[in-house]
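Trainee: Have a look at this fold, sequence not included:
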């Protein structure tokens, strides 16, 4: 049987250079490639996110943020270390690191309103 190896969500962004700067400088991702100035891939470890410069529906983003609907979940080893790293970089944290019924996690928001959860053992 075929095994799935990874997945990469695609986030629609208003300004690709701004998004790349955030993922690189704030979240510590590396830029894997930029294609024709409108599409890119960033990664950190095995976590990959694709970014596409394209209009998005602002009302949908506002609704998702108001209800903390996640756009991606990243499983992390060294969760507290990552939380402290993001705090030092002044990453916008929507939900602080804490234990929940499903385990430990925290949420951050990118410049385009996407909500990423980082979870794992503290």
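Mentor: Okay, I see it. Just so it is clear, the model here is predicted, and its values are computed rather than measured.

Trainee: In contact with the closest residue to residue 37 other than its chain neighbours, which residues?
Mentor: With sequence-adjacent residues excluded and distances taken as CB to CB, 6 or more residues apart in numbering, residue 37 is closest to residue 16, at 6.7 Å. Glycine gets a C-beta too; all of them are placed from N, C-alpha and C. Neighbour list for residue 16: 34, 37-40, 51, 53 [criterion: CB atoms under 8 Å, 6 or more residues apart in numbering].

Trainee: now do residue 50
Mentor: 8-11, 39-41.

Trainee: which element is it on?
Mentor: strand 47-53 (DSSP states H and E).

Trainee: quick one: buried residues of that strand?
Mentor: By 16 or more other CB atoms under 10 Å, the buried positions in strand 47-53 come out as 47-51, 53.

Trainee: quick one: buried residues of the helix or strand bottoming out on mean pLDDT in the chain?
Mentor: Within the chain, no helix or strand scores below helix 58-66, which has a mean of 78 by mean pLDDT, DSSP states H and E. Neighbour-count burial for helix 58-66 flags residue 61 (criterion: 16+ other CB under 10 Å).

Trainee: swap in stretch 82-102?
Mentor: So stretch 82-102, judged by 16+ other CB under 10 Å, has buried residues 82-83, 86, 91, 97.

Trainee: what is the rounded mean pLDDT of it?
Mentor: For stretch 82-102, the mean per-residue pLDDT is 95.

Trainee: Output the below-cut-off pLDDT ranges for the chain.
Mentor: Scanning the chain for pLDDT under 70 picks out nothing.

Trainee: go again using 90 as the cut-off
Mentor: 1-7, 54-70, 102, 113, 121-122 (pLDDT under 90).

Trainee: how about residue 9, what does it touch?
Mentor: 49-50, 71-72.

Trainee: before we move on, the earlier item: farthest-apart pair in the buried residues of stretch 82-102, please.
Mentor: Using CB to CB, the two most remote members of these are 91 and 97, lying 12.1 Å apart.
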